[in-house]
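>>> Quick check, what structure comes out for this input:
(chains A and B)
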Number of protein chains: 2
Amino acid sequence: MIGARLDEEVLVILRFRFARLCLLVFTLCTAACAEDASQAWLRYAPPFGTRPFPAYDRMPASLVDLDNSPVAASAQNELLHGVRSMLGKTLRLEPSVTGQDAWILGTPSEIAAALPQYPRPSLDAQGFSLSILSAHSHTYWIVAGADPRGILYGAFHVLAGIAQGQAFAQLAGSQSPAAPIRWVNQWDNLNGTIERGYGGRSIFFDNGSVRSDLTRAGEYARLLASIGVNGCTINNVNADPRILTPQMIQGVSRIADVFRPWGVRLSISVPISAPQDIGGLDTFDPGNPAVAAWWKAKVDALYAAIPDFAGFVVKADSEGQPGPSHYGRSPADAANMLAAALKPHGGIVLYRAFVYNHHLDWNDLKADRARAAYDIFHPLDGHFADNVVIQIKNGPIDFQVREPVSPLFAGLHQTNTAVELQITQEYMGQQRQLVYLPTQWQTYLDFNLHAEDRDTPLKNIVDGQAFHRPLGGYIGVADVGLDPNWLGSDLALANLYGFGRLAWNPNTPADTIAKDWTRLTFSSDPTVVSTLSRMLLSSWSIYENYTGAPLGLQTLTNITGPHYGPAPQSQENNGWGQWIRADPNGVGMDRTVSTGTGFIGQYPPVVARLYDSLQTCPDNLLLFMHHVPYTYRLHTGKTVIQTLYDDHYIGATEAARLVRDWKTLDGLIAPQPYEATLKMLEYQAGEAIVWRDAIDRWFLKMSGIPDDRNRIDHDPNRITASEMQLDGYMPINVTPWETASGGKAYVCEDRSVCTAALHFTRPAGWYNVSVQYFDYRQGVSTFRLILNHQTLATWTADNTLPGEQPNGDTSSRFTLPGVPLRPGDVLSIEGQPNDGEPAPIDYMEMTPQPGSAESAHP
Amino acid sequence: MIGARLDEEVLVILRFRFARLCLLVFTLCTAACAEDASQAWLRYAPPFGTRPFPAYDRMPASLVDLDNSPVAASAQNELLHGVRSMLGKTLRLEPSVTGQDAWILGTPSEIAAALPQYPRPSLDAQGFSLSILSAHSHTYWIVAGADPRGILYGAFHVLAGIAQGQAFAQLAGSQSPAAPIRWVNQWDNLNGTIERGYGGRSIFFDNGSVRSDLTRAGEYARLLASIGVNGCTINNVNADPRILTPQMIQGVSRIADVFRPWGVRLSISVPISAPQDIGGLDTFDPGNPAVAAWWKAKVDALYAAIPDFAGFVVKADSEGQPGPSHYGRSPADAANMLAAALKPHGGIVLYRAFVYNHHLDWNDLKADRARAAYDIFHPLDGHFADNVVIQIKNGPIDFQVREPVSPLFAGLHQTNTAVELQITQEYMGQQRQLVYLPTQWQTYLDFNLHAEDRDTPLKNIVDGQAFHRPLGGYIGVADVGLDPNWLGSDLALANLYGFGRLAWNPNTPADTIAKDWTRLTFSSDPTVVSTLSRMLLSSWSIYENYTGAPLGLQTLTNITGPHYGPAPQSQENNGWGQWIRADPNGVGMDRTVSTGTGFIGQYPPVVARLYDSLQTCPDNLLLFMHHVPYTYRLHTGKTVIQTLYDDHYIGATEAARLVRDWKTLDGLIAPQPYEATLKMLEYQAGEAIVWRDAIDRWFLKMSGIPDDRNRIDHDPNRITASEMQLDGYMPINVTPWETASGGKAYVCEDRSVCTAALHFTRPAGWYNVSVQYFDYRQGVSTFRLILNHQTLATWTADNTLPGEQPNGDTSSRFTLPGVPLRPGDVLSIEGQPNDGEPAPIDYMEMTPQPGSAESAHP
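Numbering: from 1, shown residues only, chains lettered A, B, ... in the order given. Take a look at the predicted model:
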């Protein structure tokens, strides 16, 4: 379906005849800004230590582009730019193959027409083949693509190889993408904000219109093309109907124009209620012919403006979005109506399975949000048009730290499916914390659902193999923004890169992806590659441990707030259905068939048996599937409660290790990303302690079972504000209580300056001194740390954390290393409020530096 | 005289009681901006590979500052900041020595009062002593200063040692500065421009007033203090009398306030005519009591505002400046009048010996500007007050590439003298070209003048040793500006650093200075240190070779223009007296006693004999001292003319090598300075070719003697615009003619786009293609380089070179490496004029890449 479309569009887009000139200007501009963070992994810097690339001494000097498409022109210009940047040579563009060594770009048939000796490779759509051909006493370096996109992907593959020090001969071979759909979704609002975006404002929209400057949109398409992504949905799935107005379609067509040379097709999210919202109809009933006609006309208008328009993404009957249920219609009714309008143009519908009742009865032990997608969509299997794809989140809940694979993937055999992964770190630290996601994604993609008692890993379902579906693939919710580094954190870009790599080939090891990305982004220095890849690969596990999600507790963030800091109680006693069912005796959601919600029964029998039995259910999903006493012993032999306690301590310790690891790269990485990342990792190490303390406190209170090492709220290095001598600071209650010592923060409300002082009584030595304070989104309080009469440090609470209250969202740590302390010293914190932020504090910690308390005598 | 003053001022400046607090804030601010270029060599980054500094494991944790001065407070805060930054530890400030290991800051007597065991070192003014003392079973790391400045210089010395990986014990020992005067002059104008400044606008003045933001002025004082510089003259020696108005004195006192904590005393340049200019008198005759009274009142007002005011710098009777000669008075009359007013306050007068007639008769073979300073000042020896210092430029002309030492230094035995060196690169490439000056300065400072037939190297004259003078020293014309890196070029900062190091101790090898600066500024990586120091040390010789100054031709820049590009004829036939006396038969200025100007006779006999004889006169000053035929053979055996030809080729080749050397540091240096410096060195390599061609052409025409290798205007790789097929480009005459091929540039005057095309006829191969064009200060022309129909590159002429005409000031080179060319190719330049800059071009060069024309077959 979509494959056929790909050939047709080549003809359509030939009318954009100025594409080549624009591309050349772009290529020259990008060459001038090699240190620009927006270049990400396309820096085209020569790999460390391999200059001057002896393998390329005998490179052909000419380049012949046999394909006459704008996308192949991008491939050609990208090769010119990259070869010049990395090899210091400028290829000559020649119109024909004769009489010279040459790089050849084209489809197999185009190449064979020029070089009859060429052994035509068999390529799937969008695949490419790299080879060296000797003929007529000339040498040809051939980049063959099944189609223009394939040529472009082949060119990017060559350039990534050069950047990593590989000879062209090493790169020879064929590749094809695993699935036809490799899209990103952007949750951009028309006002320029981005839902769950942490990398700045929208690259597409501002103030209700499409931005006049679409430079970054074009650069984004180039970045996406370099990793094989071929589609981008530009607006929030909670869609504003105004996206379908004629003026907006005109603006959106400008975005499609900058996508087009990179083979990225544009799609939009639409609200199913649009015919009523903006169409002047009094209904949006999918069964009403007037509604269908309205959509058909709208789709025709879209294709008139955007000949290669890709289709719609639909979120309906979900979290307050209107849906077909309003008229007693099914998702199939809605999806098929839209699909019918799109079909003549080759467009598709991605209908999201993220449909659930968010007013569930939490008293009902059989109620289970995890069941919703399967319960709703499984009965409709076979009722969807063949250009409809059901877009299913990887897990049954919502991009949590750990979930099982959604059983719906195994429940749709006659329906196209795509897996929706989240690149933006909504529940995963929001780019303020390092979490490398390909490691996590790969556990989902490799998971064998055993549908029909066959081997059916998720990756083989969404690529269409398992059930012989024509369409399917990968959707990544990216939410890049205008920040120079796209996502707000340099290291978070590994997730965007990794999504593309896995969507192209889900069998690529997460370790390979981490190393390739590191080499392309930072350096091929072996220390950088091994250290950073080890940090990336361990980061998900570290985050899982300190955020309190081990044992399958999905997430313990504040799900009714910003989805950021610790707030375990927020899971419970509300209609959202993310219950963890913690009570004084035990914890976990009973989803078994016999005594629980029956969710486990939605899986094929092999998987259902695995999860249903306490004997076989893996520890890391135990509490997702079962309710057990806190004293229940895991396969490790340790109790559930002690495991929860311990894992948080392990996580916080490992988060601190990330800082030490990163510091070994000082001087091996450019100063700007080095410093910015160090700051992020230091913040993360502090936030890991906030998480550890909050979750362990909460479970200690809930279970009444002490930590067998008695660590919780008994840190010998810590002195809370309540134990200090206060001048002006007053206690206030913190919600949730577990995110501050004793449930209290101390604030400076009525004074211009407040202080909190402690008398130090421990042995003399070098200590690291930490101050735990709260940094609201608004206000920039100033703090001063004073030793006796000496100001040791001042700092400001100038972060923009997601909150206006003292709690785990805003709790922050300032650490001054290497302070010499003696018994009798007075250490004080002085806080100066600003703009409604009352310089709130929690505690101080004086941690002896390793070995120093004995050896040095300050 | 000035030494006594130093102790008194400590008392005076105690009234600035808030200095400590300001310093602390400054220290904290600077800690936050470690990548700020304005930090220069004070980055306080841990040295490469030595973390975690095991030598500092047992460092005392306390710091006791026994000296109660603001300057010692700077020392204390600088140590706190540097130790924290490099060692990750915060020293505790303690009020007394008892009962603890401690760092001790103080004068020897202050320290001995607290620690009677301390063996008091004998220190000269501003000197310091570092030592380790064990007493009362405690260890003291002692930074003793003869006075507050000495303490501060000692602290900076400790920190530079730590930054280079040295243990404190290695740093132990005493140092004292070579001379009391270690000043910089800034030629800042009150409107904010800087005469001969290439690093941005003034850090002191803007629009006729002192700037409101003096942050950079304070940072500059810190930078100066770190290298032992103790004075700064803030305004142009071509002085605006308004510097002496009451409002301006008020503003200047604010500058002195930010200098004071760093021990940098402020001085100003004054015009001797000020009493008439702004004083309401009808005369400025130094012999008039009303004039003397006016100056006394003005000086009293200055000291009321600036208690530690340092004194005046005076340029009089020079280059149009008014002077005492107007009234038949001598420099001594003028200087002594000012000195009398300053003396009660401890101030001094620096009277510049740069006095000469710039309307000399060039037809008079006995006329000689080089004689002027000696002729005028030698007769006055013994007539100057003891707080007057004669400020003498290193050579008799004016900061040229090569000059002999000024004979005046040996002609003033009863007069204080200081040597004026130029840090800003007025004749030395204006910070657009790399010239490391300590190498040059050291040849002057080490030169033995043999005064009184004794060993009297220049350094021992200006430090007062040779003639037992109480005052003397070093003046550096710095001209730093608001540019983040102060001088407009990262590498030029080595000259400011080197000036301070040599003024402190002129025996410091230039190589040591280069390596220390490299380690402190960039990295302690051995490759960086060895490569960059080698580049620095060779740079003066390279510049001397390609600018055509070898054999003592002083300078061949355009001396009536911007002192930048080649213009040898500008030396001749005018009143400025920088004649090189080139004629068809020979070249050089006869300054012998017997047949020439007699200048050589101004030297003491040993030196006069050396220079007067062709047998002993060194080749590198030959043409400064003698007029010889072009065929005269040097000590090398080569003729003068062939040496001139060859040396320019050698210089251009070596300039290209600087680029290759720098490229080996890619990845070992932060990206920003790496890229900026690469761009500068590439420009310099092109400008070296412009110089080579211009000077060799000029001497070829003048002498009529061919280059024995026939290289001049016979470059087989070059095709001039006159040989190309032109469309729109028209020739215009270039002045001077030798700075473009055939004396013509080709400009695009009446068209929006012009082209120049050539047919390539040489063997197929990989070539570097260069386009020589002209880039005026105004206008941004756009150029395109086209191979057949392929655009190879576009660039813009956006540099701000000093000129509005096509000549050696504006000639620029764009090089595209690695272009595959074949016989029959058409290479074109397309130029698009902008804002009066007519996209002017000169020639193209196609240079085969080494070995590639044979091995590759493009």
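>>> following the lowest-mean-pLDDT helix or strand in chain A, which helix or strand comes up?
Lowest on mean pLDDT, DSSP states H and E among the helices and strands of chain A sits helix A:19-31, with a mean of 36. Using DSSP states H and E, the helix or strand that follows helix A:19-31 in sequence is strand A:62-65.
>>> mind listing what that following strand pairs with, with the direction of each?
Strand pairing for strand A:62-65, using DSSP bridges, gives strand A:92-93 (parallel), strand A:102-106 (parallel).
>>> what's the most buried one of those strands?
Per-stretch averages of neighbours, counted by mean count of other C-beta atoms under 10 Å in any protein chain shown, single out strand A:102-106 among the strands paired with strand A:62-65, with a mean of 25. Backbone N, C-alpha and C define where each C-beta goes, glycine included.
>>> Which residue ranges of the stretch 651-800 of chain A form strands?
A:718-720, A:725-727, A:730-733, A:744-747, A:754-759, A:765-774, A:782-787, A:790-796 (DSSP state E, counting those that start in this stretch).
>>> wait, which of those strands is closest to A:Y474?
strand A:765-774 (39.5 Å; C-beta to C-beta).
>>> Tell me, how many residues neighbour whichever residue of the stretch 451-600 of chain A sits closest to chain B?
Here the stretch 451-600 of chain A gets closest to chain B at one residue, A:S523, 7.0 Å apart by C-beta to the nearest C-beta. As a burial measure, A:S523 scores 21 neighbours (other C-beta atoms under 10 Å in any protein chain shown).
>>> among the strands paired with strand A:62-65, which is nearest B:L437?
B:L437 lies closest, by C-beta to C-beta, to one member of the strands paired with strand A:62-65: strand A:92-93, at 45.1 Å.
>>> so how far is that closest one from its chain's centroid?
Relative to the chain's own centre, strand A:92-93 is displaced by 39 Å; criterion: C-alpha atoms, centre = their mean, to the nearest Å.
>>> And for it, what's in contact with it?
Contacts with strand A:92-93, where a contact means C-beta atoms under 8 Å, 6 or more residues apart in numbering or on different chains, come from A:61-65, A:76, A:80, B:787-790, B:819-820, B:858.
>>> What residues sit buried inside the biggest helix by length in chain A?
Secondary structure of chain A per DSSP state H: the longest helix is helix A:671-703. Buried residues in helix A:671-703, counted by 16 or more other C-beta atoms under 10 Å in any protein chain shown: A:672-674, A:676-678, A:680-700, A:702-703.
>>> Tabulate the strands of the stretch 651-800 of chain A in JSON lines, adding columns for mean neighbour count and mean pLDDT.
What follows is the strands of the stretch 651-800 of chain A, written out as JSON lines (neighbours: other C-beta atoms under 10 Å in any protein chain shown; pLDDT from 0 to 100):
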{"stretch": "strand A:718-720", "mean neighbour count": "20", "mean pLDDT": "98"}
{"stretch": "strand A:725-727", "mean neighbour count": "14", "mean pLDDT": "98"}
{"stretch": "strand A:730-733", "mean neighbour count": "14", "mean pLDDT": "98"}
{"stretch": "strand A:744-747", "mean neighbour count": "24", "mean pLDDT": "98"}
{"stretch": "strand A:754-759", "mean neighbour count": "19", "mean pLDDT": "98"}
{"stretch": "strand A:765-774", "mean neighbour count": "24", "mean pLDDT": "96"}
{"stretch": "strand A:782-787", "mean neighbour count": "19", "mean pLDDT": "98"}
{"stretch": "strand A:790-796", "mean neighbour count": "17", "mean pLDDT": "96"}
